[in-house]
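**Student:** Coordinates for the following, if possible.
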Amino acid sequence: MKLRGSAILLAVMVFTASCAKKTPTLNLLVWEGYADPAFVKAFEEQHHCKVSASYMGSSDELVAKLRGGSAGNYDVISPSSDVATSIASAGLAAPLDLTKIPSYGQLSSQLTSLPLVRVKGQVYGVPFMWGPDPLIYDTTVFAQAPDSWNVLWDPKYRGKISVWDDLSTVYLAAQVLGYDKPDPSQLYNLSDAQLEAVKKKLLELKPNIRKMWTTGGELTNLFQNHEVVAAMGWPLMTNQLRKINFPVGETIPKENTTGWIDHLMITAGSENKDLAHEFLEYMIEAQTQKKVTEVTGYTPANPQAARLMTPEEVRNLHLDDVDNYQKRLYFWQNVPRRAKYNEIWNEVKAAQ
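**Tutor:** Numbering: from 1, shown residues only. Predicted structure coming up:
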């Protein structure tokens, strides 16, 4: 029997109401550790939404997905400082409405003043976390912290070293070769001759490499299983290993090290831009920043997070001496010849 007109209207209203109640989903493509339930769950509860995270293994993977037409699948991304500029310039991210992100004014001026995510007067990202690419080591093998990156090349650690499967390993080799002197930004604009020397240096490292890691958890497992004794890593892995009482040490050798500034950006194709703005605001609030540091071991972009920490936590994150600590980190910058860098890196990986 056919429904009468009023019955049809009622059915349509009920159907529409049920659709309106559908829980919105915010899709993230971020680094490991940036969508932990320890801090994301509260946002979901406050905004009656679901946060669904995918994790990237490298900056180039992120860019490839965005350029490959996947930008519409994600609302929020967390590019590092060596690709954030190109993402903004290519129109892959949406300009931010900073009036919707009131905590932006609390962020470190040392980070917000950098031109990394500014294009034609508009801001395309908020600094979120920053930190070093430190030397991580097994303290049962090294009684004292290694003082030089050259330890990775020591023949006695053949098959016992790991590095990240990422262009930052190119930056590392360039630093060991001294190409950061006198200008650290040269690491991100190497000549063909310098890149060939880097390639040679990395080929010399290969016999020592047990396995290149692609995720933080993978490197943590390599240490835990005693497959490697030293690696270039992130504070996240140090944090993970300390939590399971593994004898781990972390240091910045005498050559210093590279570092990164991760930004949160909203993709140009996002259909949830208002909710995404609220997520960015939540993630840079001091309380959330403290929770993120507890999970990752990274340094917060919002200095006010230090007020919620113990003196020991403040020291461990170098928030008591930010200026001097940052002088030892050569923050990743835009790499104009990124395709050439990738060519060199792929040749290193393919070599037997």
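
**Student:** drop to CA atoms for contacts and neighbour counts, all remaining ones
**Tutor:** OK.

**Student:** Okay, domains of the protein per the record?
**Tutor:** 5-130+261-327, 132-258+333-350 (automatic domain parsing).

**Student:** Tell me where the longest strand sits in the protein.
**Tutor:** Counting residues, the longest strand in the chain under DSSP state E turns out to be strand 257-266.

**Student:** Please save the CA atoms from the helix or strand that that strand is followed by in PDB.
**Tutor:** Once the chain leaves strand 257-266, the next helix or strand it forms, by DSSP states H and E, is helix 273-284. The C-alpha coordinates for helix 273-284 follow below in PDB (Å, rounded to 0.1, in the frame of the first residue of the first chain):
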ATOM      1  CA  LYS A 273      37.600  22.700   7.400                       C
ATOM      2  CA  ASP A 274      35.700  24.200  10.400                       C
ATOM      3  CA  LEU A 275      36.200  21.000  12.500                       C
ATOM      4  CA  ALA A 276      39.800  20.900  11.300                       C
ATOM      5  CA  HIS A 277      40.400  24.400  12.600                       C
ATOM      6  CA  GLU A 278      39.000  23.400  15.900                       C
ATOM      7  CA  PHE A 279      41.300  20.400  15.900                       C
ATOM      8  CA  LEU A 280      44.400  22.600  15.200                       C
ATOM      9  CA  GLU A 281      43.400  24.900  18.100                       C
ATOM     10  CA  TYR A 282      43.000  22.000  20.400                       C
ATOM     11  CA  MET A 283      46.300  20.400  19.400                       C
ATOM     12  CA  ILE A 284      48.300  23.600  20.100                       C
END
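
**Student:** elements contacting whichever helix or strand comes after helix 273-284?
**Tutor:** Downstream of helix 273-284, the next assigned helix or strand under DSSP H and E is helix 286-296. Under the contact definition 3 or more C-alpha pairs under 8 Å, 6 or more residues apart in numbering; DSSP states H and E, helix 286-296 sits against helix 37-47, helix 235-243, strand 299-300.

**Student:** returning to what we had before: tilt between the longest strand of the chain and helix 273-284?
**Tutor:** 140 degrees (axes from the mean of the first three to the mean of the last three C-alpha atoms, to 10 degrees).

**Student:** Give me the mean pLDDT for strand 257-266.
**Tutor:** Mean per-residue pLDDT for strand 257-266: 97.

**Student:** Provide the strand pairings for that strand, with the direction of each partner.
**Tutor:** Strand 257-266 pairs in its sheet with strand 76-77 (antiparallel), strand 126-132 (antiparallel), strand 329-331 (parallel), by DSSP bridges.

**Student:** So what touches that strand?
**Tutor:** 75-82, 84, 93-96, 124-134, 168, 171-172, 175, 273, 276-277, 280, 328-332 (C-alpha atoms under 8 Å, 6 or more residues apart in numbering).

**Student:** Mind doing that once more with 6 Å?
**Tutor:** Identification of contacts with strand 257-266 by C-alpha atoms under 6 Å, 6 or more residues apart in numbering yields 75-81, 93-94, 125-133, 329-332.

**Student:** follow-up on the earlier one: of all the helices and strands packed on helix 286-296, which one comes closest to residue 194?
**Tutor:** helix 235-243 (28.9 Å; C-alpha to C-alpha).

**Student:** Which other helices and strands does the helix or strand following the closest one contact?
**Tutor:** Downstream of helix 235-243, the next assigned helix or strand under DSSP H and E is strand 248-251. On a contact count with 3 or more C-alpha pairs under 6 Å, 6 or more residues apart in numbering; DSSP states H and E, strand 248-251 meets strand 135-138.

**Student:** quick one: residue 219 and residue 297, what's the gap?
**Tutor:** Separation of residue 219 from residue 297 (C-alpha to C-alpha, to the nearest Å): 15 Å.

**Student:** Quick one: the domains of the chain as CSV, columns for mean neighbour count too.
**Tutor:** Converted to CSV, those look like this (neighbours: other C-alpha atoms under 10 Å):
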stretch, mean neighbour count
domain 5-130+261-327, 18
domain 132-258+333-350, 18
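
**Student:** what's the least confident stretch among those domains?
**Tutor:** Between these, the one with the least mean pLDDT is domain 5-130+261-327; it has a mean of 90.

**Student:** Now find how far off-centre that one is within its chain.
**Tutor:** With C-alpha atoms, centre = their mean, to the nearest Å as the basis, domain 5-130+261-327 stands 12 Å off its chain's centre.

**Student:** now the strands paired with strand 257-266 as TSV including distance to residue 44?
**Tutor:** Output for the strands paired with strand 257-266, formatted as TSV (distance: least, C-alpha to C-alpha, whole Å):
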stretch	distance to residue 44
strand 76-77	15
strand 126-132	19
strand 329-331	33
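
**Student:** Tell me which stretches of the stretch 1-150 of the chain form strands.
**Tutor:** Remark: strands assigned in the stretch 1-150 of the chain by DSSP state E, counting those that start in this stretch are 25-30, 50-55, 76-77, 118-119, 122-123, 126-132, 135-138.
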